[in-house]
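Undergrad: got a structure for you, letters missing:
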């Protein structure tokens, strides 16, 4: 069975270790915050200038001058700090963010990521993704394994314009967890109900199989 | 004297064709009143440097509907149908810049750094035609500084010397733009006498601000109102 959006987010949350500073992208990555265990101390960064994103506000707490990078109203945790966009991207570019989790349209065997533009459609812009993929210590992409018309999104070479070259460390999809290694793509985990062959059939490059291959652990 | 008596006075010398940096991320921390002033003044052929371009009927989006913007330098413009229409029909020029590169180009502009190398955008369309150089085995692209004829910034509080304090995530691009504008105009919700702001907590020193004006009646629209149930998580 394909993992749901929530299950993908749940699996992605397992990438986060206690003590991490983490930037979550827009869309499914934002959901990841809901699955971080309470006993882990994690600081979420928002590239519009905040360390310490808290839960969504109650109606009474809504502050029009407190938003995340997806422009949603949020709150701040105790110990939060606010700063300029230059400071924000200095900490991103400077390698101080432990982990960036972001969405993807295509990932190549070499870890190239395309996620900001589909030619012929309206161009919305790269936002902070091009900076994040180079600055964060580790980059995890979460996405559907296939496009809406069933084509692999994990490919030998991206057909869409790149966000970054050789930047992705791990891919988490509704079917599998795959690492980008020097030697190529390594299948680490499979969603319950799928076989290695099922995953390979909808993945462009040849996968090597991790000796510790296991099932994706989600509820 | 930096204190202006009206928005009209604060923007009186802006000519058609001017370049203007406009603070804000999404529609948070935007100089609402100065944008309204430009709309009333009708200044045309503007080059606007701002992370986003407002929404259809609010903020910078209003200047699109009156066709006052000729060129936009931004990182993300996905919230605006009129933007899409003008861009696709070729009426509007657009320069996309990765968000961190945009922030740093503006910072560099105000800090006397003509250009810098950054990894963001290497190997992508946004680095085409730009110098790429390898440092310590990694590739970086050369990006140039940005300055502008004017910078419009918005602060929570300011004093008559032009010192500014921002509120929460309304800080964003405002401090760097204040420094990078040749003529920086700050609109503030609370204008205090010199000495009333604690020097320890000033975000933008007054040297960067040439004009300051007290404004009220802020709309502060919310793009995505997301809430949780009271007491829940």
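TA: Arrived safely, thanks for sending. Source: prediction; values computed, not measured.
Undergrad: so what's residue A:94 closest to, chain neighbours aside?
TA: residue A:135 (6.9 Å; C-beta to C-beta, 6 or more residues apart in numbering or on different chains). All C-beta atoms are positioned from the backbone trio N, CA, C, and that covers glycine.
Undergrad: the one you found reaches residue A:97, doesn't it?
TA: Yes. Here residue A:135 reaches residue A:97: they are 6.3 Å apart, a contact under C-beta atoms under 8 Å.
Undergrad: by residue count, which strand of chain A is the longest?
TA: Secondary structure of chain A per DSSP state E: the longest strand is strand A:207-215.
Undergrad: run a quick neighbour tally on the closest residue to residue A:13 other than its chain neighbours.
TA: Nearest residue to residue A:13 in three dimensions, chain neighbours excluded: residue A:35, at 3.7 Å (C-beta to C-beta, 6+ apart). Here the number of neighbours of residue A:35 (other C-beta atoms under 10 Å in any protein chain shown) works out to 18.
Undergrad: could you do residue A:182 as well?
TA: Counted by other C-beta under 10 Å, the residues lying close to residue A:182 total 5.
Undergrad: before we move on, what about residue A:37?
TA: Around residue A:37 there are 10 other residues, counting by other C-beta under 10 Å.
Undergrad: and if you look at residue B:129?
TA: By the criterion of other C-beta under 10 Å, residue B:129 has 6 neighbours.
Undergrad: is there proximity between stretch B:72-91 and chain A?
TA: Yes. With C-beta under 8 Å from any C-beta of the partner chain as the measure, stretch B:72-91 is seen reaching chain A through B:74, B:75, B:76, B:77, B:78, B:79, B:84, B:87, B:88.
Undergrad: any buried residues in that stretch, and which?
TA: Buried residues in stretch B:72-91, counted by 16 or more other C-beta atoms under 10 Å in any protein chain shown: B:72-77, B:79-80, B:82-84, B:86-87.
Undergrad: please apply the same query to stretch B:136-148.
TA: B:139, B:140, B:141, B:143, B:145, B:146, B:147, B:148.
Undergrad: ok, of the residues you listed, which one's closest to chain A?
TA: residue B:139 (8.4 Å; C-beta to the nearest C-beta).
Undergrad: distance of that closest one relative to residue B:191?
TA: 47 Å (C-beta to C-beta, to the nearest Å).
Undergrad: in JSON lines: the buried residues of stretch B:72-91, plus secondary structure and distance to residue A:190.
TA: Formatted as JSON lines, those follow (DSSP: H, G, I helix; E, B strand; the rest coil; distance: C-beta to C-beta, whole Å):
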{"residue": "B:72", "secondary structure": "strand", "distance to residue A:190": "45"}
{"residue": "B:73", "secondary structure": "strand", "distance to residue A:190": "45"}
{"residue": "B:74", "secondary structure": "strand", "distance to residue A:190": "41"}
{"residue": "B:75", "secondary structure": "coil", "distance to residue A:190": "37"}
{"residue": "B:76", "secondary structure": "coil", "distance to residue A:190": "35"}
{"residue": "B:77", "secondary structure": "coil", "distance to residue A:190": "39"}
{"residue": "B:79", "secondary structure": "coil", "distance to residue A:190": "38"}
{"residue": "B:80", "secondary structure": "coil", "distance to residue A:190": "42"}
{"residue": "B:82", "secondary structure": "helix", "distance to residue A:190": "46"}
{"residue": "B:83", "secondary structure": "helix", "distance to residue A:190": "43"}
{"residue": "B:84", "secondary structure": "helix", "distance to residue A:190": "40"}
{"residue": "B:86", "secondary structure": "helix", "distance to residue A:190": "47"}
{"residue": "B:87", "secondary structure": "helix", "distance to residue A:190": "43"}
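Undergrad: from the residues of stretch B:72-91 next to chain A, which two are the most distant?
TA: The largest distance within these, taken as C-beta to C-beta, falls between B:75 and B:88 and amounts to 19.0 Å.
Undergrad: element containing the residue nearest to residue A:218 when sequence neighbours are not counted?
TA: Spatial nearest neighbour of residue A:218, excluding adjacent residues (C-beta to C-beta, 6+ apart): residue A:7 at 4.4 Å. For residue A:7, the host element (DSSP states H and E) is helix A:5-13.
Undergrad: same deal with residue A:107?
TA: strand A:106-108.
Undergrad: farthest from the middle of chain A: give me that residue.
TA: The centre of chain A is farthest from one residue, residue A:60, which by C-alpha atoms, centre = their mean lies 31.0 Å away.
Undergrad: what about the closest residue to that one other than its chain neighbours, how many neighbours?
TA: Spatial nearest neighbour of residue A:60, chain neighbours left out: residue B:230 (7.5 Å); criterion: C-beta to C-beta, 6+ apart. Here the number of neighbours of residue B:230 (other C-beta under 10 Å) works out to 9.
Undergrad: what kind of secondary structure is residue B:230 in?
TA: Secondary structure assignment for residue B:230 (DSSP: H, G, I helix; E, B strand; the rest coil): coil.
Undergrad: list the contacts for it?
TA: Residues in contact with residue B:230, defined by C-beta atoms under 8 Å, 6 or more residues apart in numbering or on different chains, are A:58, A:59, A:60.
Undergrad: return the subset of those residues lying in strands.
TA: Among those, no member falls in strands (DSSP E).
Undergrad: lowest-confidence helix or strand of chain B?
TA: helix B:81-88 (a mean of 89; mean pLDDT, DSSP states H and E).
Undergrad: how many residues are close by residue B:203?
TA: Neighbour count for residue B:203, taken as other C-beta under 10 Å: 20.
Undergrad: scratch that, residue B:227 is what I was asking about
TA: When neighbours are defined as other C-beta under 10 Å, residue B:227 has 16 of them.
Undergrad: phi, psi of it?
TA: When quoted as degrees, to the nearest 10, the phi and psi of residue B:227 stand at phi -130, psi 160.
Undergrad: for it, which residues are in contact?
TA: Contacts of residue B:227 (C-beta under 8 Å, 6+ apart): A:56, A:57, A:58, A:59, A:62, A:73.
Undergrad: which ones are touching the third one?
TA: Under the criterion of C-beta under 8 Å, 6+ apart, the neighbours of residue A:58 are B:227, B:228, B:229, B:230, B:231.
Undergrad: can you list those in JSON lines and add distance to residue A:120 and pLDDT?
TA: Compiled in JSON lines, these are given as follows (distance: C-beta to C-beta, whole Å; pLDDT from 0 to 100):
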{"residue": "B:227", "distance to residue A:120": "37", "pLDDT": "97"}
{"residue": "B:228", "distance to residue A:120": "39", "pLDDT": "93"}
{"residue": "B:229", "distance to residue A:120": "42", "pLDDT": "88"}
{"residue": "B:230", "distance to residue A:120": "45", "pLDDT": "76"}
{"residue": "B:231", "distance to residue A:120": "47", "pLDDT": "58"}
